[in-house]
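>>> Generate coordinates for the sequence data below:
(chains A and B)
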Amino acid sequence: AQKVTQAQTEISVVEKEDVTLDCVYETRDTTYYLFWYKQPPSGELVFLIRRNSFDEQNEISGRYSWNFQKSTSSFNFTITASQVVDSAVYFCALSETDKLIFGTGTRLQVFP
Amino acid sequence: DAGVTQSPTHLIKTRGQQVTLRCSPKSGHDTVSWYQQALGQGPQFIFQYYEEEERQRGNFPDRFSGHQFPNYSSELNVNALLLGDSALYLCASSLGSLGSPLHFGNGTRLTVT
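Modelled structure (predicted):
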């Protein structure tokens, strides 16, 4: 069965600290996609990144970076120099067909 | 370019009633998916519509049904509401190909009393 685990329920940091959000997934398929979404208090899920199972290159986008390791079935997300605007719930998700399987999310609070 | 729009924003219903939620996809998207998000949980897949047909369905009872119109907009209907149906209902649109990112609306907050 497919499953996504985000063990960190809530993380609190002070502005400018770096923070890493963990994601571990389970799947039997060899072709799949992994995603990260951000959910601010407004409720809308904002797409951040997609990775396919054949692309293990790490990616950096501004202050955001992602580390995909198939050997450990992990797809971790790091925010460098966090800002108050980064406060939100972050979801990791797995897609094998057209549906997404979400983790339970990590609530990130960044304090000034 | 309008994103995914959902209506209404909030809704309060009584147990046993029926409800219809509406969604307009992002321009250019032909596939609509619906998710239920209970408080403190991740979204759960309800079903997906493509070319006006239900293409995939999650583990939800038949009380949950949907429809997609020729203009790709969609409705989610829930009959015989239960207290446990209280949640944020999210609509997402995409291009429908495997791995295509989903673009979500702001959701409809349904409260069943």
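>>> Contact partners for residue 105?
Because you didn't say which chain, this covers chain A. A:6, A:39, A:89-91, B:41-42 (CB atoms under 8 Å, 6 or more residues apart in numbering or on different chains). (Glycine included, C-beta is placed from N, CA and C.)
>>> my bad, the chain I had in mind was chain B
Neighbours of residue B:105 in contact, by CB under 8 Å, 6+ apart: A:44, B:3-6, B:23, B:90-92.
>>> Chain neighbours aside, what residue packs nearest to residue 70?
Went with chain A since none was named. residue A:56 (6.0 Å; CB to CB, 6 or more residues apart in numbering or on different chains).
>>> That was the other one, I meant chain B.
residue B:52 (6.8 Å).
>>> From chain A, how far off is that neighbour?
16 Å (CB to the nearest CB, to the nearest Å).
>>> What's the local residue count around that residue?
Residues lying near residue B:52 (other CB atoms under 10 Å in any protein chain shown) number 11.
>>> Then residue A:14?
The local packing of residue A:14 (other CB under 10 Å) involves 10 other residues.
>>> Would you enumerate the residues in contact with the residue lying closest to it once chain neighbours are set aside?
Leaving aside its chain neighbours, residue A:14 sits nearest to residue A:111 (5.3 Å; criterion: CB to CB, 6+ apart). Shown in contact with residue A:111 (CB under 8 Å, 6+ apart): A:12-15, A:84.
>>> For residue A:111, give its distance to residue A:82.
10 Å (CB to CB, to the nearest Å).
>>> joint contacts of those two?
Residues touching both residue A:111 and residue A:82 (CB under 8 Å, 6+ apart): A:13, A:15.
>>> so where do the strands sit in chain B?
For chain B, the strands defined by DSSP state E occupy B:5-7, B:10-13, B:19-24, B:31-37, B:44-50, B:53-57, B:64-68, B:74-78, B:87-94, B:103-104, B:108-112.
>>> And residue B:1, what's its pLDDT?
For residue B:1, the model assigns a pLDDT of 61.
>>> Run through the residues that contact whichever residue of chain A sits closest to chain B.
Across chain A, no residue is closer to chain B than residue A:102, which sits at 3.3 Å (CB to the nearest CB). Residues in contact with residue A:102 (CB under 8 Å, 6+ apart) are A:4, A:37, A:91-93, B:42-44.
>>> again with residue A:60
Contacts of residue A:60 (CB under 8 Å, 6+ apart): residue A:66.
>>> Run through the bridge partners of it.
Going by DSSP bridges, residue A:60 is paired in beta bridges with residue A:65.
>>> Let me know the pLDDT of it.
The model's pLDDT for residue A:60 equals 85.
>>> Against residue B:25, how distant is it?
Using CB to CB, we find residue A:60 at a distance of 31 Å from residue B:25.
>>> do the same with residue B:95
Counting by CB to CB, the gap from residue B:95 to residue B:25 is 10 Å.
>>> give me the beta-bridge partners of the closest residue to residue B:32 other than its chain neighbours?
Distances taken as CB to CB, 6+ apart place residue B:74 nearest to residue B:32, at 4.1 Å, with adjacent residues excluded. When assigned by DSSP bridges, residue B:74 has beta-bridge partners residue B:23, residue B:68.
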